[in-house]
Structures are given as structure tokens and as C-alpha cells.
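Asks: Give me the fold of what follows.
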Amino acid sequence: MGWNEIKPYDLNNVLLNDIPFPKVILCDCTLREGEQAAGVAFSQQDKIIVARYLSEMGIPQIQVGYPGISKKDKETVKIIKREGFSSKIESISIIHVDNWKEHIDAALECQVDILGLQFGVSNIRLKYVLNFSEEEALDRIYESVVYAKENQAYVSFTPTDVTRTPFHFLKRVFQTLMNADVDRVKIADSVGVFSPLATKNLIKEVKQIVGDKPVGVHFHNDFGLALANTIAAIETGVDVVDVTVNGLGERTGNASLDEVVMVLKLLYGMDLSIQIEKLSALSHLIENLTGIKIPKSKPIVGKNAFAHLLDTHVMGMEKYEAMYEPFDPKQVGNERRFPLGRLSGPSAVKKKLREMDIDLDGSKIPILLDQIRNKAESLKEEIADSEFRNLVLSLK
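Replies: The predicted structure follows:
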């Protein structure tokens with residue numbers, strides 16, 4: 001009880017009325033973008049397991065890699081597609097290379113639901129990496145979309161590094177995509193330099209060019225704004241947003257799946273029909289497969305997301321379960337904790353004694369509390385249950 005009171009200024013109806021397209025498609029990119037994080041390498045079996053889990057929990061779209069880059073990637077995409085998951089499967093083909101048609105052909109052979117094409121369009125990319133003039137870039141963009149469409153593909157095109165691209169050229173890029181009859185466009189902030197305000201302004205401009213074509217976004221987290229920019233994009237009416245489990249991705253990563261889902265569900269009233277009770281388990285699955293630890297303080301799924309240490313907080317939580325929590329941790333498969341540390345008080349100690357079914361003379365609690373505080377200060381970490389038991393036994 002109590003969590004329904006978390007929004008004293010409930011603006012859900014107003015917000016939803018202001019959003020042009022309140023139904024949003026989540027595209028999970030963990031198996032593509034996530035593998036671009038330093039030190040991450042999914043095996044074929046890993047990718048199948050993750051894709052199955054994402055599909056079973058209701059993620060509508062899964063981006064699974066680059067079938068044109070290696071035979072193994074191509075085989076993996078084929079297997080995932082053959083599994084018949086309910087999620088739509090997208091793969092990525094790069095088109096700045098001389099054999100760009102082969103990259104598209106590899107995706108076509110996998111019979112993916114969505115063929116994603118990428119091409120860097122900023123001056124930095126064109127001049128220093130790709131060695132394309134603006135006109136050559138526009139020609140390649142047009143040719144690639146036409147070629148894929150001639151082969152009956154549903155084409156989603158992502159001009160990358162758009163947030164560092166001069167707008168006069170960016171307009172030409174999107175107009176070229178319209179001339180080629182692309183099915184969907186996506187805006188990629190490849191180095192995470194956009195703000196929420198800039199996000200809204202650019203999306204409005206792009207939507208004027210592409211009309212009714214679906215628009216997606218892909219934000220990086222270099223300034224910690226991937227989530228904020230994703231929500232700003234949704235407020236402006238985008239149709240598709242890219243996310244990754246635990247925010248995994250290049251450099252500082254991308255918008256985190258669990259955070260986007262819960263913000264939309266509880267703060268915006270958008271139910272995306274995703275089984276949120278599996279969010280924590282999914283995060284731990286990726287943690288185990290990648291070896292990249294979930295930060296303890298990570299929102300939603302972190303170990304400390306629902307941890308209460310200060311004694312006034314412990315007392316508050318015992319009296320009213322929503323006192324210091326925005327929602328029930330069980331909703332996302334997480335749990336409430338009452339760790340012991342340097343700032344713990346008698347309420348926390350008594351609670352721990354009850355939880356561990358240990359009897360202790362009440363007069364000894366102040367002594368035990370001093371020992372806990374001293375031990376926590378020396379260890380610089382919370383007191384483990386085994387250590388707590390040892391401290392209690394020393395007083396008996």
C-alpha cells in the first residue's frame with residue numbers, strides 16, 4: 001500500500017494528451033551495441049539465451065548484430081530469426097565500404113524483419129574516416145536504400161553522428177532517404193552530446209521532413225543524458241527508442257532498458273506490455289554473461305536501489321512501506337534491504353536480530369551498535385550477516 005501516492009502532482013493525462021504518439025516501440029540493442037562495450041563478447045549461445053529472454057518478457061524489437069561482418073555473426077542472426085521469437089529481429093548493415101551490397105545481401109539471407117542501414121554523416125566522419133564527399137555520401141545512401149527495397153526489405157536507416165552534422169546537410173540526408181522511400185529513419189547521437197532541449201528541437205525538424213514515416217532515436221550516455229534525451233524524444237512523438245540492458249554500450253553506454261520502461265510506466269502512465277517483474281533477473285543475466293558488474297546504486301535493479309540504512313529511514317519503512325521508496329521493489333524483481341553500517345541505529349539492529357531469529361538482552365544493544373559502527377568504519381563496507389552474528393555472540 002502507499003505507492004499510489006508517489007505523484008502528488010499527477011499530470012499523466014495532461015502529459016499523454018500532449019504526446020503525439022503515446023505508443024512507443026522499444027528496440028533492445030544489447031546484442032549489437034552492448035557487444036561494442038570494452039571487454040564484452042557474447043557467444044552464439046549467449047545471444048540466443050538473451051534474445052529468448054527479451055522476447056519472452058515482451059520486448060517488441062531486438063537488434064542482433066552485423067551479419068555482413070563475419071560468418072559467425074551471420075549464422076547467429078539466422079538461428080535467432082529461425083527461433084520464431086515474438087520480437088521483430090533487426091540486423092545492421094554498414095554501407096560505407098566498397099562491398100556494401102554484400103553486407104546488405106548477408107542480412108537479406110537471414111530474412112530479418114528489419115534491415116538497419118548505417119552511414120556516418122558528420123563532417124568529421126566524412127572527411128577523416130570515410131573519405132566521402134557530401135554528394136558521394138548522398139548517392140550511397142540513396143543507392144543502398146533502393147537496393148534493399150528492391151529486395152523487399154523493410155529498411156530502417158540511421159544516419160550516425162547526426163548531432164554533430166550541419167543542419168543544412170542533415171536536411172538533404174533525410175530528404176534523400178524520403179526520395180528513396182525508406183521505411184523508417186533513426187536519429188543517432190553517436191557521441192552523446194545532445195541535451196533534452198536540443199533533442200526536441202531536432203526531432204521536430206526531422207519530422208517536418210519525413211512526414212508520417214516512423215522516427216527512432218539512439219542516444220549515448222557520455223554526459224549522462226541518454227535517459228533524459230530518450231524521454232524528451234518520446235515527449236516529442238518518436239516511434240522507436242533504442243535501449244540496452246544495464247545501459248551497456250560503447251564508452252559510457254546507452255539508455256538503460258529498465259529505467260526507460262519504469263519511467264514510462266510509472267511517471268507517464270504508458271504500459272508497454274513488458275513483464276517488468278523480470279527486469280532484475282535480466283540485468284543479472286547480462287551481468288553474468290559479460291562480467292560487467294551492475295553498480296550497487298543503479299536505479300531500478302541495483303543492490304542498493306531499495307536499501308535503507310539511516311535509522312530514521314528504517315523506522316519510517318517499518319511504519320509505512322512507501323515512505324522512502326517510489327515503488328514496490330517486487331514489481332521489478334528486486335528486494336528491499338536494511339544493511340548495517342556506520343550510520344545505523346537501534347531500530348536497524350533490532351530488525352536484524354529479528355530477521356536472524358537471534359535473542360539478545362536489550363541492554364547490550366548500545367554496545368553491539370558501537371561495535372557495528374566501529375567495524376563498518378574500519379571495513380568501509382556494510383556489515384555482513386556472518387560478521388553481525390559474530391559480534392552478537394561475543395556479547396553473550
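Asks: Now do the longest helix anywhere in the chain: which elements does it pack against?
Replies: Counting residues, the longest helix found in the chain (DSSP state H) is helix 134-150. On a contact count with 3 or more CB pairs under 8 Å, 6 or more residues apart in numbering; DSSP states H and E, helix 134-150 meets helix 100-109, strand 114-120, strand 155-160, helix 167-179. Backbone N, C-alpha and C define where each C-beta goes, glycine included.
Asks: Report the inter-axis angle for that helix versus helix 100-109.
Replies: Compare the direction of helix 134-150 with that of helix 100-109 by axes from the mean of the first three to the mean of the last three CA atoms, to 10 degrees and you get 30 degrees.
Asks: residue ranges with poor pLDDT in the stretch 101-250 of the chain?
Replies: Low-confidence segments of the stretch 101-250 of the chain (pLDDT under 70): none present.
Asks: sorry, back to before: what residues sit buried inside the longest helix of the chain?
Replies: 134, 137-138, 140-141, 144-145, 147-149 (16 or more other CB atoms under 10 Å).
Asks: Report the two of these separated the most.
Replies: The largest separation in these, counting by CB to CB, is between Glu134 and Lys149 at 22.8 Å.
Asks: tally of neighbours for the residue nearest to Val145 when sequence neighbours are not counted?
Replies: Using CB to CB, 6 or more residues apart in numbering and skipping the chain neighbours, the partner closest in space to Val145 is Ala180 (3.7 Å). For Ala180, the neighbour count with other CB atoms under 10 Å is 18.
Asks: Tell me the spacing between Ala180 and Gly302.
Replies: Remark: distance between Ala180 and Gly302 (CB to CB, to the nearest Å) = 44 Å.
Asks: Ala188 now?
Replies: Taken as CB to CB, the span from Ala188 to Gly302 is 27 Å.
Asks: One more: Ala348?
Replies: From Ala348 to Gly302 the distance is 20 Å (CB to CB).
Asks: and the two? which has more neighbours close in?
Replies: More neighbours surround Ala348 than the other of Ala348 and Gly302, with 24 against 18 (other CB under 10 Å).
Asks: Correct me if wrong: that one contacts Phe338.
Replies: Yes. Counting by CB atoms under 8 Å, Ala348 does reach Phe338; the two are 5.7 Å apart.
Asks: what is in contact with these two at once?
Replies: Common contacts of Ala348 and Phe338 (CB atoms under 8 Å, 6 or more residues apart in numbering): 309, 314.
Asks: Please, where are all the helices along the stretch 151-300 of the chain?
Replies: Taking DSSP state H, counting those that start in this stretch as the criterion, the stretch 151-300 of the chain carries its helices at 167-179, 196-210, 226-235, 257-262, 279-290.
Asks: Turn those into a markdown table, including mean neighbour count and distance to Phe219.
Replies: Converted to a markdown table, these look like this (neighbours: other CB atoms under 10 Å; distance: least, CB to CB, whole Å):
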| stretch | mean neighbour count | distance to Phe219 |
| --- | --- | --- |
| helix 167-179 | 17 | 17 |
| helix 196-210 | 16 | 8 |
| helix 226-235 | 23 | 4 |
| helix 257-262 | 24 | 10 |
| helix 279-290 | 19 | 19 |
